[in-house]
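Colleague: what's the 3D shape of this:
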Amino acid sequence: MNIYVLMKRTFDTEERISISDGKIADDGAEFIINPYDEYAIEEAIQLKDAHGGEVTVVSVGSDEAEKQLRTALAMGADKAVLINIEDDVEESDQFTTARILAEFLKDKEADLIIGGNVAIDGGSGQVGPRVAEQLNIPYVTTITSIEVNGETVTIVRDVEGDSETIETSLPLLVTAQQGLNDPRYPSLPGIMKAKKKPLDEIELDDLDLDEDDVEPKTKTIDIYLPPKKQAGRILEGEIDSQVKELVQLLHKEAKVV
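Modeller: Now for the predicted structure:
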């Protein structure tokens, strides 16, 4: 199987986010593979082990994403590709990323493309479906199980409060949901091997795209942190008086009753 994984570099989930001039300040912040993309990488490696083939991890971003791509190689991916847009694209959105990825993938004869369900820094879940639409291949989102039997693929996906089983065919794009697998940690031998595995870097010009082709369709007006929560209040005294005070507070201050 020829498998491609879409990977994004995101803030560490334990990072404290700070805002500066209406933008997220990333000075000194730690970055990781988007957690949902880790499920995608793990599933790609397991499918390769079961059916043979090759796993290539692709990321759109800047030079800084090389560290996360090397981590993916250490996990067991065979190749990595960084599409470096740092010098060519000033602003980007999900359309930009999907357009670039689709252009890169259009002649790669991928049997299966796997991405994370969402990126934890944006949460739109748009990139995978957009790529599939541009490649004109079927896609299934939020999958928790996938079985490949020749050209036939059986998938279980999350739906509201339940699950859904779908049968489709290759080529196919899917997005990984939590519960699909348990991503492995890179082993020391894997880390050493990753240093020798190919990591190619290309730019927008190599894809015959220019900035106008990938101009974002959306614009971020402002980014701000949620307001700080007020300290809670402890009611004291007899139960009857506490209930009366609570009702008054809900009515006059919270204005919910």
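Colleague: Quick one: the helices in the chain, in order.
Modeller: Listed in chain order, the helices found in the chain under DSSP state H are 35-51, 66-75, 94-105, 127-135, 188-194, 239-252.
Colleague: can I get these in CSV with mean pLDDT, distance to residue 170 and mean neighbour count?
Modeller: For every residue, glycine as well, the C-beta is placed using N, CA and C. Compiled in CSV, the helices of the chain are given as follows (pLDDT from 0 to 100; distance: least, Cβ to Cβ, whole Å; neighbours: other Cβ atoms under 10 Å):
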stretch, mean pLDDT, distance to residue 170, mean neighbour count
helix 35-51, 97, 11, 21
helix 66-75, 97, 22, 22
helix 94-105, 96, 14, 21
helix 127-135, 96, 13, 21
helix 188-194, 94, 28, 13
helix 239-252, 88, 57, 12
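Colleague: With distance to residue 147 added, can I get those helices in TSV?
Modeller: Compiled in TSV, those are given as follows (distance: least, Cβ to Cβ, whole Å):
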stretch	distance to residue 147
helix 35-51	9
helix 66-75	22
helix 94-105	23
helix 127-135	20
helix 188-194	26
helix 239-252	52
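Colleague: Let me know which of those is the nearest to residue 164.
Modeller: When those are ranked by proximity to residue 164, the top entry is helix 127-135, at 16.2 Å, counting by Cβ to Cβ.
Colleague: got the angle between the closest one and helix 35-51?
Modeller: Taking axes from the mean of the first three to the mean of the last three Cα atoms, to 10 degrees, one finds helix 127-135 and helix 35-51 inclined to each other by 60 degrees.
Colleague: List the contacts of helix 127-135.
Modeller: Helix 127-135 is contacted from outside by 6, 94-95, 97-99, 101-102, 105-106, 113, 115-117, 119, 138-139, 141, 171, 173-175, using Cβ atoms under 8 Å, 6 or more residues apart in numbering.
Colleague: let's go with 6 Å and repeat that
Modeller: Counting contacts by Cβ atoms under 6 Å, 6 or more residues apart in numbering, the residues outside helix 127-135 that touch it are 94, 97, 98, 101, 102, 115, 139, 173, 175.
Colleague: for those residues, which one is nearest residue 37?
Modeller: residue 115 (6.7 Å).
Colleague: separation between that closest one and residue 158?
Modeller: Taking Cβ to Cβ, to the nearest Å as the measure, residue 115 and residue 158 are separated by 15 Å.
Colleague: So which of those two has more stuff around it?
Modeller: In this comparison of residue 115 against residue 158, neighbours counted by other Cβ atoms under 10 Å, the higher total goes to residue 115 at 30 against 17.
Colleague: Return the per-residue confidence for the more buried one.
Modeller: According to the model's per-residue confidence, residue 115 sits at a pLDDT of 97.
Colleague: isn't it right up against residue 6?
Modeller: Yes: here residue 115 reaches residue 6: they are 3.7 Å apart, a contact under Cβ atoms under 6 Å.
Colleague: my guess is residue 120 meets residue 10, correct?
Modeller: Yes: contact status for residue 120 versus residue 10: in contact at 5.5 Å, counting by Cβ under 6 Å.
Colleague: contacting residues around the helix or strand of the chain with the lowest mean pLDDT?
Modeller: Sorted by mean pLDDT, DSSP states H and E, the helices and strands of the chain end with strand 23-24, the least confident at a mean of 72. Under the contact criterion Cβ under 6 Å, 6+ apart, strand 23-24 has outside partners residue 17.
Colleague: And the strand ranked longest in the chain, what's buried?
Modeller: What stands out as the longest strand in the chain, according to DSSP state E, is strand 139-149. For strand 139-149, the buried set under the neighbour-count rule, 16 or more other Cβ atoms under 10 Å, comprises 139, 140, 141, 142, 143, 144, 146, 148.
Colleague: Tell me the strands beside it, with direction?
Modeller: When pairing is defined by DSSP bridges, strand 139-149 lines up against strand 152-159 (antiparallel), strand 172-176 (parallel).
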